[in-house]
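Visitor: Sequence plus predicted model, see below.
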Amino acid sequence: MYMKIAMSTLVGALLIGCGNSGGGIDSELDSLISSYGLTGDPSTGRALPSINDPKAQLGMKLFYTKGLGGQTDSACVTCHHPMLGGGDNLSLPIGVDAIDPDLLGEGRVHDALAVNYDGFAPVPRNAPSTFNVGLWDSVLFWDGRVQSISANAGHNGEVGGIRTPDSAFGVADVDAGANLAVAQARFPVTSKEEMRGFTYEAGNSNAILRDALEIRFTSQTIVNTWQSEFDGVYGANSVTFANIVDAIGAYERSQVFVNTPWKAYVEGNRLAISAQAKKGARLFFNSYENGGMNCVACHSGDFFTDEGFHVMAVPQVGHGKGNGIEDDFGRSRENGDADNQYAFRTPTLLNVEVTGPWGHDGAYTSLRAMVAHMVNPEAAVAGYDFSQLDSIVKTDNTAANNLLSLTKLQANRTAGISPHQSVVATEGQIDDLVAFLKTLTDPCVKNRDCMSQWIPDNVVGPDGLQLNAKDQSGDLL
């Protein structure tokens, strides 16, 4: 049974009375913006590379090479293409063993002859966007398994050490690299489902795998010109795995997309967003008691995330990471905290319009449906539309797992752990929230010409293994 939050008569009158009054609602939003200390730009004061920096240019070439895939059939860009919202536009990724390795997004199919093929998407979680990865200070990945030991604001993990899956929980990995983006880049190559494959260096450690990839890039196991590419950035004899991921991290950190209509509005342009979006912003930033949806409790600051972990009972689809069962225990798999079972990282909402499907497992394929779930998980789960999913997304235990995660959400509310309450919202209110969220999109991410800076022109690449991404129609992305 979910909680109904009734708006007071006074607040209801305020919402209606200000609906057609730009000055009234603008003044109210000014007060909210001021109270939350918003500037509109989360990148201010950060040292972030330009895509034109030599290191970022090298990283782009590495990001697009299938040479980093164990079976040379996948690349970083396989799951994180700039024209697919920094993701892959799939609920759950198909990394290795695709029938056509260069086809990304809708239509990407797992080869039925592949090792461990079972007819379902092999990767257990939705691919997070690489957009604005340099703005995270605390954690990366849905479960936060790459984490700053001391999350210093504005530093992307550059100080204090970084814990990774190669080190014990709470212990810095001495090989993590310069920042969170670099630390994260060390791990897709180790995943059998994402890039490693089920046969390459099978049974060997992550360290041995990385050494093998380094040898591949230096010993002419593949014919390449990587050393000449590295010369101007790192110097002679510099093709090391550490430098490979360092350059990839620079490329990812150059993907700064924060020039949104909302930023312009916060900076004073009252015409930058629509009247509907302003109503959505009011709902977003106001507390439950003031007639809002209290979204800001977790999606806080100019980056729209508290970088924390919350149970939101998003329907569990796909294999998940459930310690051997078809489920996903989220953050508790990392820290062992029972309160964190089914808790996942709060995503940033910048560019959320283009970074779907949404949820830790891509359970929602429309932004509106995701918003409706966040407003009222109980109602959304009860009416969940399974037909929105591709047939490769496994759902055998979804209904049973939904009850478990909803029970955990309700228990966390009762214990005062979760700030979330379920609201009975109107269709119009959901539409208003979606309109506001769309103002958080940097127009560049929807424009191929603008995004071309992050997409290499060379269709061959330094090793002849460039992934030339194409969509289902065969057009280059």
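Guide: Perfect, thanks for sending it. Small disclaimer: the values here were computed from a predicted structure and weren't measured.

Visitor: all helices of the stretch 51-200 of the chain, in order?
Guide: 54-63, 180-185 (DSSP state H, counting those that start in this stretch).

Visitor: Check the ones you listed for me and report the most buried one.
Guide: Neighbour counts (mean count of other Cβ atoms under 10 Å) averaged over each of these peak at helix 180-185, with a mean of 28. Backbone N, C-alpha and C define where each C-beta goes, glycine included.

Visitor: Can you spell out which helices and strands pack onto that helix?
Guide: Packed against helix 180-185, as judged by 3 or more Cβ pairs under 8 Å, 6 or more residues apart in numbering; DSSP states H and E, are the following elements: strand 139-140, strand 146-148, helix 241-253.

Visitor: residues making contact with that helix?
Guide: Contact with helix 180-185 is made by 76, 133-134, 136-137, 139-141, 146, 148, 156-157, 162, 164, 173, 176-177, 245-246, 248-250, 252-253, as judged by Cβ atoms under 8 Å, 6 or more residues apart in numbering.

Visitor: how far out from the middle of the chain is that helix?
Guide: Here the centre of mass of C-alpha atoms in helix 180-185, compared against the chain's by Cα atoms, centre = their mean, to the nearest Å, lies 14 Å away.

Visitor: Any chance you could give me the helix or strand that it is followed by in PDB, C-alpha atoms only?
Guide: Using DSSP states H and E, the helix or strand that directly follows helix 180-185 along the chain is helix 206-218. Backbone C-alpha positions of helix 206-218 (Å, rounded to 0.1, in the frame of the first residue of the first chain) are rendered in PDB as follows:
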ATOM      1  CA  ASN A 206      42.900  -9.000 -14.400                       C
ATOM      2  CA  ALA A 207      46.500  -8.100 -14.100                       C
ATOM      3  CA  ILE A 208      47.600 -10.900 -16.600                       C
ATOM      4  CA  LEU A 209      44.800  -9.900 -19.000                       C
ATOM      5  CA  ARG A 210      46.000  -6.200 -19.000                       C
ATOM      6  CA  ASP A 211      49.600  -7.300 -19.500                       C
ATOM      7  CA  ALA A 212      48.400  -9.400 -22.500                       C
ATOM      8  CA  LEU A 213      46.600  -6.400 -24.000                       C
ATOM      9  CA  GLU A 214      49.700  -4.200 -23.500                       C
ATOM     10  CA  ILE A 215      51.900  -6.800 -25.300                       C
ATOM     11  CA  ARG A 216      49.300  -6.900 -28.100                       C
ATOM     12  CA  PHE A 217      49.800  -3.200 -28.600                       C
ATOM     13  CA  THR A 218      53.600  -3.300 -28.400                       C
END
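
Visitor: Can you tell me the SS state at residue 314?
Guide: At residue 314, secondary structure determined by DSSP: H, G, I helix; E, B strand; the rest coil is coil.

Visitor: Could you break the protein into its assigned domains?
Guide: Following automatic domain parsing, the chain resolves into domains at 9-35+261-438, 54-255.

Visitor: which stretch in those is the model least sure about?
Guide: Note on those: domain 9-35+261-438 shows the lowest mean pLDDT, a mean of 93.

Visitor: Tabulate the helices of the stretch 51-200 of the chain (CSV), appending distance to residue 280.
Guide: Output for these, formatted as CSV (distance: least, Cβ to Cβ, whole Å):
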stretch, distance to residue 280
helix 54-63, 35
helix 180-185, 31
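
Visitor: So for residue 226, which of those sits nearest?
Guide: Within the helices of the stretch 51-200 of the chain, the stretch nearest residue 226 is helix 54-63; the backing value is 8.5 Å (Cβ to Cβ).

Visitor: what distance separates that closest one from the centre of its chain?
Guide: 21 Å.

Visitor: Contacts made by it with the rest, please.
Guide: Residues from elsewhere that reach helix 54-63, judged by Cβ under 8 Å, 6+ apart: 49-51, 68, 75-77, 80, 229-230, 232-233, 244, 246-254, 454-456, 458, 461-462, 466.

Visitor: who are the neighbours in contact with the residue lying closest to residue 388 once chain neighbours are set aside?
Guide: Leaving aside its chain neighbours, residue 388 sits nearest to residue 365 (4.5 Å; criterion: Cβ to Cβ, 6 or more residues apart in numbering). Residues counted as contacts of residue 365 (Cβ under 8 Å, 6+ apart) are 91, 356, 357, 358, 388, 389.

Visitor: Closest to residue 31 out of those residues?
Guide: Sorting the contacts of residue 365 by how near they are to residue 31, with Cβ to Cβ, puts residue 358 at the top with 30.0 Å.

Visitor: Neighbours of that closest one, how many?
Guide: Look at residue 358: counted by other Cβ atoms under 10 Å, it has 22 neighbours.

Visitor: how much space is there between it and residue 279?
Guide: Distance of residue 358 to residue 279, given as Cβ to Cβ, to the nearest Å: 22 Å.

Visitor: Same question for residue 179.
Guide: Taking Cβ to Cβ, one finds residue 179 at 38 Å from residue 279.

Visitor: ok, the two, which is more surrounded?
Guide: residue 179 (26 against 22).

Visitor: quick one: contacts for the nearest residue to that one once chain neighbours are set aside?
Guide: With Cβ to Cβ, 6+ apart as the criterion, residue 179 has its nearest non-adjacent residue at 4.4 Å, and that residue is residue 156. Residue 156 makes contact with 46, 134, 135, 136, 137, 179, 180, 181, 253 under the criterion Cβ under 8 Å, 6+ apart.
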